[in-house]
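Visitor: this is a predicted model, with the sequence first.
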Amino acid sequence: MAYNVNNFRRIREEYKEKYKKAEAEADVRRRELWGKIDGLRALDAALSATGPRLLNAILGKSGESFEKVKSDVERLNQERSLLLATYGFPPDYSDPRYECEKCRDSGYVDGEICECMKLRLRLAGYESSGIAKLMDTQSFETFKLDYYRTNQRSYENMSYVLRTMREYADNFNPDRSGNLLLLGGTGLGKTHLSTALAKALIDNGYDVVYTGAIGMIADFEQHRFGNSAGGESGNDLDRYYDCDLLIIDDLGAEVSNQFTVSTVYNVLNNRISLGLPTVISTNLNQNELNSRYWDRITSRILGEFRPLIFSGSDVRKLKLTE
Ligand SMILES: Nc1ncnc2c1ncn2[C@@H]1O[C@H](COP(=O)(O)OP(=O)(O)OP(=O)(O)O)[C@@H](O)[C@H]1O
Ligand SMILES: [Mg+2]
Ligand SMILES: [Zn+2]
């Protein structure tokens, strides 16, 4: 697991703030009670003192027994509840109100990340992957093989494609998974399955970046011309190099020139040398890919990709007649 580092840092800060806020608000309520209820402040002081008393009893540093202090705690708590009730307050009125009782807004339970924080990280992962909107509709579950039934060969082929992508998702490991090249004409489900893959991996805690080839190149261009504000601007080029999985959608949609070709080369080359996987989808066929990019991309780099050929009829059009 490798949650996106920036998300992780930001969310941990959020939790610290959340925790502090819950404590501060509880403190305000406690002071409110002290102002309204005679003797409560002294009672709370006596309760606070039971912490060190308990410790000393355990260590044998005081004449008191552990049992004695424990029964004092119970008695004091009962007294406190009664006192609060007399004034019309519930017994837990000045307890901190955490959003998550399980981790008390610390984000951790027994050293493990709490479910609430995992969910928070997952949602942030959708956002930082660049596909938050697509994910609602494009998942493995919503991918229907029925669209390919008109042609038996397409049907069998697309069953194989779907199975392969699901297996890729299930067995994903950034240190071991290979690269995929999704080839095929328009409307055959390349983007749909790329999104589905991204979602499945983010749900498992991986750091995924999904980008159109055009958007990625624009980011590099902006950087090259020094327009980058860096950091928070979203133009953080390192993300392309070090995320667990980079998905480049629609390679070939960008204009082809020396800069765009070398940018793609540079990203793929870096990831391959780091041993990190990439998934590319493209409308171009192998020949078009070859003529469009320099040999150095096609021969060496694309050789590292496992091709998955999408076939059938344009699902976009089929959906229009539904
Ligand atoms: N098998 C499928 N089941 C359900 N919906 C699908 C399927 N295949 C494609 N779609 C839907 O059809 C539309 C087009 O699919 P998608 O965008 O994945 O095609 P594409 O192969 O990426 O096309 P392009 O090359 O034009 O980008 C999307 O809305 C997608 O959700
Ligand atoms: Mg597409
Ligand atoms: Zn929690």
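Guide: Noted; the coordinates are in hand. Numbers count the residues shown, from 1 in each chain. Ligands and ions are numbered 1, 2, ... in the order given.
Visitor: read off the pLDDT value for the closest residue to ligand 3 within the stretch 201-322 of the chain.
Guide: In the stretch 201-322 of the chain, no residue comes nearer to ligand 3 than residue 205, which is 15.8 Å away by Cβ to the ion. All C-beta spots, glycine's among them, are computed from the backbone N, C-alpha and C. pLDDT, residue 205: 88.
Visitor: same question, residue 230
Guide: On pLDDT, residue 230 comes in at 43.
Visitor: so does stretch 165-177 get close to ligand 1?
Guide: No. Using Cβ under 6 Å from any ligand atom, stretch 165-177 stays clear of ligand 1, coming no nearer than 11.5 Å.
Visitor: re earlier: and the residue of the stretch 201-322 of the chain closest to ligand 3, which of the three is it?
Guide: State at residue 205, reduced to three classes by DSSP: H, G, I helix; E, B strand; the rest coil: coil.
Visitor: how about residue 96?
Guide: coil.
Visitor: and it, how close does it get to ligand 1?
Guide: 45 Å (Cβ to the nearest ligand atom, to the nearest Å).
Visitor: contact partners for that residue?
Guide: Neighbour list for residue 96: 22-23, 25-26, 104 [criterion: Cβ atoms under 8 Å, 6 or more residues apart in numbering].
Visitor: just the buried members of the residues you listed?
Guide: By neighbour count, with 16 or more other Cβ atoms under 10 Å, these hold 22, 26, 104 as buried.
Visitor: restricted to helices, list the contacts of residue 96.
Guide: The members of the contacts of residue 96 that map onto helices under DSSP state H are 22-23, 25-26.
Visitor: quick one: name the residues of this protein near ligand 2.
Guide: Counting by Cβ under 5 Å from the ion, the residues of the chain close to ligand 2 are 190-191.
Visitor: can I assume residue 308 sits in a helix?
Guide: No. Going by three-state DSSP, the assignment for residue 308 is strand, not a helix.
Visitor: let me know the pLDDT of it.
Guide: Residue 308 is assigned 97 on the pLDDT scale.
Visitor: buried residues, stretch 25-44. List them.
Guide: Across stretch 25-44, burial judged by 16+ other Cβ under 10 Å covers 26, 30, 33-34, 37, 40, 43-44.
Visitor: stretch 286-303 now?
Guide: Neighbour-count burial for stretch 286-303 flags 289, 292-293, 297, 301-302 (criterion: 16+ other Cβ under 10 Å).
Visitor: got the contact list for that stretch?
Guide: Stretch 286-303 is contacted from outside by 181, 183, 252, 256, 261, 264-265, 268-269, 272, 282, 284, 307, using Cβ under 8 Å, 6+ apart.
Visitor: between these, which is closest to ligand 1?
Guide: residue 282 (8.0 Å; Cβ to the nearest ligand atom).
Visitor: any idea how far residue 28 is from the residue lying closest to residue 23 once chain neighbours are set aside?
Guide: Nearest residue to residue 23, sequence neighbours excluded (Cβ to Cβ, 6 or more residues apart in numbering): residue 96, at 5.4 Å. The gap separating residue 96 from residue 28 is 11 Å, by Cβ to Cβ, to the nearest Å.
Visitor: what's the closest of the buried residues of stretch 25-44 to residue 63?
Guide: Comparing the buried residues of stretch 25-44 against residue 63 with Cβ to Cβ picks out residue 43 as the nearest, at 23.3 Å.
Visitor: enumerate every residue touching the nearest residue to that closest one once chain neighbours are set aside.
Guide: Distance criterion Cβ to Cβ, 6+ apart; nearest residue to residue 43, sequence neighbours excluded, is residue 80 at 5.6 Å. Applying Cβ under 8 Å, 6+ apart to residue 80 gives the contacts 40, 43-44, 47, 91.
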